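Undergrad: got a predicted structure plus its sequence, pasted below:
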Amino acid sequence: MTELLIREKRVKSILSKSGIPGVDYCLNPYVGCAHGCKYCYATFMKRFTGHTEPWGTFVDIKMNAPEVLQQQLKRIARGYVMISSVTDPYQPLEEEYGLTRRCLEILLKHQFPAGILTKSPLVLRDLDLIRQFDDIEVGMTITTEDEGIKKIFEPGTPPITARIQALKELHDRGISTYVFIGPLLPQNPESLAEKIGPHVDSVLVDRMNYESKTIGLYRRFGLLEWLEGGFIDGILHRLKKGFGGREVNIC
């Protein structure tokens, strides 16, 4: 197993304006992500950070993120903050550093509307804060219900069952929840919808948009049909049907 390279750094800004529809600002407490998913689009960050290490083998800790956030919130217009867009805010190092929690505390103080997107049940640690927001939603990325497929494409992530259980607990506590099925990996769509459906208010699905990163894995494991447009259209139809009356958006 490759050793994780950890660097502690200081930043001048922690909130960045977003081009994502419905999102005003993005907040990323870390650079890089220890999950190291094979399909991750955020590898483009290396062009700007100077990292030469393979994606998933390094994480920069933005040590002064909470203090910088406090200052930035005094100067910007109120808007929706996404946590996070190019890293997982609850990757394993968050348990030690707690930057996401401290940033949540500051956003809560100012009651900025916020959204969390993660693959980790560690988000439950901060349920005490999340429940105090006037406007917040929590999304859990679950790309398949098949642990074998998960191990191929995102071996460093928490188990699927733990993520579903976290969604359930959040939803049961009255938190607005959604699942992000992105990218859509090989799966049984009816089974996935059945397991997730009761615990989410909406569903967001994204195709595999970065085939060049993963085509070798699809070829090696005999999964190439999952990159064919017509085949995926059929899977999307089955997913929508499986989620019944819940809102399903395809991006």
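TA: In hand now; what should we look at?

Undergrad: where does pLDDT dip in this protein?
TA: Residue ranges of the chain with pLDDT under 70: 1-2.

Undergrad: would you map out the domains in it?
TA: Partitioning the chain according to automatic domain parsing yields domains covering residues 1-134, 150-251.

Undergrad: next, count neighbours for residue 37.
TA: Counted with other C-beta atoms under 10 Å, residues neighbouring residue 37 total 24. For the C-beta atoms, the positions are set from N, CA and C on the backbone; glycine is no exception.

Undergrad: in a strand, it, correct?
TA: No - under the criterion used here (DSSP: H, G, I helix; E, B strand; the rest coil), residue 37 is coil, not part of a strand.

Undergrad: secondary structure class for residue 138?
TA: When states are read from three-state DSSP, the local structure at residue 138 comes out as strand.

Undergrad: quick check: it vs residue 6, distance?
TA: In this structure, residue 138 lies at 26 Å from residue 6, with C-beta to C-beta, to the nearest Å as the measure.

Undergrad: which ones are touching residue 7?
TA: 58-61 (C-beta atoms under 8 Å, 6 or more residues apart in numbering).

Undergrad: go again with 6 Å.
TA: By C-beta atoms under 6 Å, 6 or more residues apart in numbering, the contact set of residue 7 is residue 60.

Undergrad: now it: how far from residue 94?
TA: Residue 7 sits at a distance of 16 Å from residue 94 (criterion: C-beta to C-beta).

Undergrad: I'd like the distance from stretch 102-122 to the chain centre, please.
TA: 13 Å (C-alpha atoms, centre = their mean, to the nearest Å).

Undergrad: for that stretch, which outside residues touch it?
TA: 65-66, 69-70, 73, 80-83, 88-90, 126, 129, 132-139, 141, 157-158, 162, 166.

Undergrad: can you flag which of these belong to strands?
TA: Using DSSP state E, 81-83, 136-139, 141 are the members of those that sit in strands.

Undergrad: quick one: which of the residues you listed is nearest to residue 21?
TA: Residue 21 has its nearest neighbour among the ones in strands among the contacts of stretch 102-122 in residue 82, at 11.1 Å by C-beta to C-beta.

Undergrad: name the nearest residue to the closest one, sequence neighbours excluded.
TA: On the basis of C-beta to C-beta, 6 or more residues apart in numbering, the spatially nearest residue to residue 82 that is not a chain neighbour turns out to be residue 23, at 4.6 Å.

Undergrad: from residue 223, how far off is that neighbour?
TA: The spacing between residue 23 and residue 223, counted by C-beta to C-beta, is 32 Å.

Undergrad: what of residue 90?
TA: 28 Å.

Undergrad: higher neighbour count, the two?
TA: Per other C-beta under 10 Å, whichever of residue 90 and residue 223 has more neighbours is residue 90, with 26 against 17.

Undergrad: so that one touches residue 123, yeah?
TA: Yes - the pair residue 90 / residue 123 is scored as a contact, 5.1 Å apart, by C-beta atoms under 6 Å.

Undergrad: show me where the chain has its helices.
TA: Along the chain, the segments classed as helices by DSSP state H run 46-49, 65-73, 94-97, 99-110, 127-130, 147-153, 160-172, 189-196, 211-220, 229-242.

Undergrad: can I get these in a markdown table including mean neighbour count and distance to residue 205?
TA: Formatted as a markdown table, the entries for those read as follows, by neighbours: other C-beta atoms under 10 Å; distance: least, C-beta to C-beta, whole Å:
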| stretch | mean neighbour count | distance to residue 205 |
| --- | --- | --- |
| helix 46-49 | 11 | 27 |
| helix 65-73 | 19 | 31 |
| helix 94-97 | 16 | 26 |
| helix 99-110 | 20 | 25 |
| helix 127-130 | 16 | 24 |
| helix 147-153 | 16 | 16 |
| helix 160-172 | 19 | 16 |
| helix 189-196 | 20 | 10 |
| helix 211-220 | 14 | 17 |
| helix 229-242 | 14 | 6 |
